[in-house]
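Q: What follows is a predicted protein model with its sequence.
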Amino acid sequence: MTVRPVQKDVTGSDVNQPFLADLTSMSDLSPAMAEGLLELATLVKARPADFRSALSGKQIVLFFEKPSFRTRLTFESGIYSLGGHAMFVDQLTSRIGEREPISDMAHNLERWVDALVLRTFAHSTVTELARFASIPVINALSDYEHPCQALADFLTLREKVGDLRKTRLAFVGDGNNVAHSLILGAALFGSHIVVGTPKRFEPHADVLAAARAIAIETGATVQVVNDPIEAVKGANAVYTDVWASMGQEKEVAERARIFASFRVTPKLFANAAPEAVFMHCLPAHRGEEVDAAVIDSPASVVFDQAENRLHIQKAILLQLLGGGARRFPSRSFNV
Ligand code: CP
Ligand code: NVA
């Protein structure tokens, strides 16, 4: 058998592998790409100094329509630690595409900068910018998905629980953006996810269909139930998110009533496996979706998740800006 040497481009990426153009959704990834991101993040985490100038000369713009603590700071810190330059654009008062068409913005931005990081209300804002701009676009949370969070969470699960193919993850709460990305992540990594939500708050049917299609290849299982105890039973990790997401502030009282039995109390958590960990994307509301006795207990890995946002996002930037070399060799890189 002839073994062909791996052909690499100027950034060191294997030219025969399909490359990641954008990260708008977990569905942009194949199981191999998702695995590759965890491996690269592990390397970046262990040896940050080796990547100090990997994004030297790269300009990355962050447009945020919603508040952020973790995502903004981990992107800014990650970009600077890779030698790149971050520019933050506060979009809290006007939505992207309001002042001028998204396509015009995309065709401006692609001539000035190397990548875009977006936190939006409408998921279509992310996908439209990705469609029109020739530079990589990263979803830093939309109303539909939060892929950077889910990838950091699977890195954390691998570190804390072990083999992802044997991991059973319970998500209890709103079948919303974070749950969507976790479901797709579980499918990509061959994990077993049970989502417990009140009726009418189940994950979107398109996400479930996409995840189940990937699961055929990876051996993952995806289940949705309306009973929190059934969801948590035997889980290696119990995950929850806020009951009212950003933009749903008017629904806080109504949602508090609907989700009351989905609070992760010590009693609910006791249904999980003996060494189970507790996970939350943060910010958390103690006494609402989780009790302090759970999130502040030794079982909680929430700050490990937050740390891993930094490492996984550095890996995502490295992959995306590497792949860009093959798309725009003359403009993006000195070849
Ligand atoms: N988990 C997360 O995305 O946190 P921020 O909203 O603070 O960015
Ligand atoms: N579902 C939450 C996640 C925050 C990180 C929201 O969209 O507000």
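A: Perfect, thanks for sending it. Ligands and ions are numbered 1, 2, ... in the order given.

Q: interface residues of this structure facing ligand 1?
A: When proximity is defined as Cβ under 6 Å from any ligand atom, the chain approaches ligand 1 at 68-71, 141, 149, 281-282. (C-beta placed from N, C-alpha, C; glycine too.)

Q: Now rank these by neighbours and give me the top one.
A: residue 141 (27 neighbours; other Cβ atoms under 10 Å).

Q: Could you look up the SS state of that one?
A: coil (DSSP: H, G, I helix; E, B strand; the rest coil).

Q: got the contact list for it?
A: 66, 68, 71, 119-120, 148-149, 177 (Cβ atoms under 8 Å, 6 or more residues apart in numbering).

Q: Now residue 110: phi and psi?
A: Note on residue 110: its backbone torsions stand at phi -70, psi -20 [degrees, to the nearest 10].

Q: measure it to ligand 2 for me?
A: 28 Å (Cβ to the nearest ligand atom, to the nearest Å).

Q: Was I right to think that residue contacts residue 137?
A: No - counting by Cβ atoms under 8 Å, residue 110 does not reach residue 137; the two are 10.2 Å apart.

Q: Give me the more crowded residue out of those two.
A: Neighbours were counted for residue 110 and for residue 137 using other Cβ under 10 Å; residue 137 has more, 26 against 17.

Q: Please report the distance of that one from ligand 1.
A: Relative to ligand 1, residue 137 is positioned 17 Å away (Cβ to the nearest ligand atom).

Q: Tell me who's in contact with the residue nearest to that residue when sequence neighbours are not counted.
A: What sits nearest to residue 137 in space, not counting adjacent residues and going by Cβ to Cβ, 6 or more residues apart in numbering, is residue 130, at 4.0 Å. Counting by Cβ under 8 Å, 6+ apart, residue 130 makes contact with 21-22, 24, 137.

Q: before we move on, the earlier item: dump the residues of the chain next to ligand 1 to JSON lines, plus secondary structure and pLDDT.
A: Converted to JSON lines, those look like this (DSSP: H, G, I helix; E, B strand; the rest coil; pLDDT from 0 to 100):
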{"residue": "68", "secondary structure": "coil", "pLDDT": "98"}
{"residue": "69", "secondary structure": "coil", "pLDDT": "98"}
{"residue": "70", "secondary structure": "helix", "pLDDT": "98"}
{"residue": "71", "secondary structure": "helix", "pLDDT": "98"}
{"residue": "141", "secondary structure": "coil", "pLDDT": "98"}
{"residue": "149", "secondary structure": "helix", "pLDDT": "99"}
{"residue": "281", "secondary structure": "coil", "pLDDT": "98"}
{"residue": "282", "secondary structure": "coil", "pLDDT": "98"}
